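**Q** the sequence isn't on hand, but the structure is:
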């Protein structure tokens with residue numbers, strides 16, 4: 001199914017309602033919310049900014065927007081079609097790459113003692129072609145060496161704009177920026193600390209204001 005990158009920001013007036021609703025959702029609620037034609041690849045939140053990101057697959061854009069409409073009264077969302085590493089390399093090379101990247105851990109939790117980070121990149125205008133060629137021709141060994149001590153769970157690309165995102169598990173800012181520095185002549189990188197659905201919900205439920213909001217659950221489901 002086609003993949004989409006969704007970037008959302010909660011409306012100021014709906015912040016508590018939206019966060020409380022999300023925190024109370026069960027795995028069954030998540031499936032009912034998305035419907036049978038949408039699949040969540042991974043979702044990550046930046047609670048301090050009342051925002052977050054997700055990668056989702058949808059059979060049609062109608063299915064995608066039907067799901068997003070559940071949250072439209074409480075959030076503003078940007079949506080872009082994206083391709084994964086394997087598809088991006090095939091586009092650049094005009095054929096199959098030398099190896100394929102495994103995306104089975106795309107929605108995984110951070111490793112023990114590490115945290116999750118989302119990296120947004122944008123190729124510099126004069127370096128886009130060079131950047132894509134360098135990326136597409138990397139071997140498996142070069143790709144692993146490039147990310148260093150960071151564990152990349154997934155990378156997705158908006159090739160129309162020369163931008164993309166990566167999600168990784170990392171133990172230090174040193175490791176993160178060492179990875180980003182490898183590309184400093186080709187692109188700008190923005191690194192954001194994020195949490196998974198599990199950690200986000202756990203954090204919200206621990207707050208004093210959550211108990212009052214929880215009383216409204218019957219009106220939402």
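**A** Nice, I can see it. Remember, it's a predicted structure, so these values are computed and weren't measured experimentally.

**Q** when you work out contacts or count neighbours from here on, use the C-alpha atoms and nothing else.
**A** Will do.

**Q** now do the helices in the chain.
**A** Along the chain, counting by DSSP state H, helices occupy 15-24, 27-34, 61-68, 85-93, 128-136, 140-147, 173-181, 197-205, 208-214, 217-220.

**Q** residue 8 is nearest to which of the ones you listed?
**A** helix 61-68 (10.1 Å; C-alpha to C-alpha).

**Q** can you pull the contacts of the closest residue to residue 53 other than its chain neighbours?
**A** Nearest residue to residue 53, sequence neighbours excluded (C-alpha to C-alpha, 6 or more residues apart in numbering): residue 7, at 4.5 Å. When contacts are counted by C-alpha atoms under 8 Å, 6 or more residues apart in numbering, residue 7 touches 51, 52, 53, 54, 77, 78, 79.

**Q** count of neighbours near the residue lying closest to the first one once chain neighbours are set aside?
**A** Read that as residue 51. Leaving aside its sequence neighbours, residue 51 sits nearest to residue 9 (C-alpha to C-alpha, 6+ apart; 4.2 Å). Residues lying near residue 9 (other C-alpha atoms under 10 Å) number 19.

**Q** check what pLDDT residue 9 gets.
**A** You'll see residue 9 listed with a pLDDT of 97.

**Q** that one against residue 50, yeah?
**A** Yes: here residue 9 reaches residue 50: they are 5.9 Å apart, a contact under C-alpha atoms under 8 Å.

**Q** identify the bridge partners of residue 42.
**A** Here residue 42 sits in beta bridges with residue 55, as judged by DSSP bridges.

**Q** can you give me the distance of it to residue 92?
**A** 25 Å (C-alpha to C-alpha, to the nearest Å).

**Q** cool, residue 13 as well?
**A** Counting by C-alpha to C-alpha - residue 13 and residue 92 are separated by 44 Å.

**Q** do residue 138 as well
**A** 12 Å.

**Q** next one: residue 5
**A** 20 Å.

**Q** now residue 6: closest residue in space that isn't a chain neighbour?
**A** Distances taken as C-alpha to C-alpha, 6+ apart place residue 79 nearest to residue 6, at 4.6 Å, with adjacent residues excluded.

**Q** who's in contact with that neighbour?
**A** Contacts of residue 79 (C-alpha under 8 Å, 6+ apart): 4, 5, 6, 7.

**Q** just the buried ones from those, in PyMOL syntax?
**A** Selecting only the buried entries of those in PyMOL, with 16 or more other C-alpha atoms under 10 Å as the criterion:
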select buried, resi 4+5+6+7
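
**Q** so what's the closest residue to residue 43 other than its chain neighbours up against?
**A** Counting by C-alpha to C-alpha, 6+ apart, residue 43 lies nearest to residue 54, which is 4.1 Å off, once chain neighbours are set aside. For residue 54, the contact set (C-alpha under 8 Å, 6+ apart) comprises 5, 6, 7, 40, 41, 42, 43, 44.
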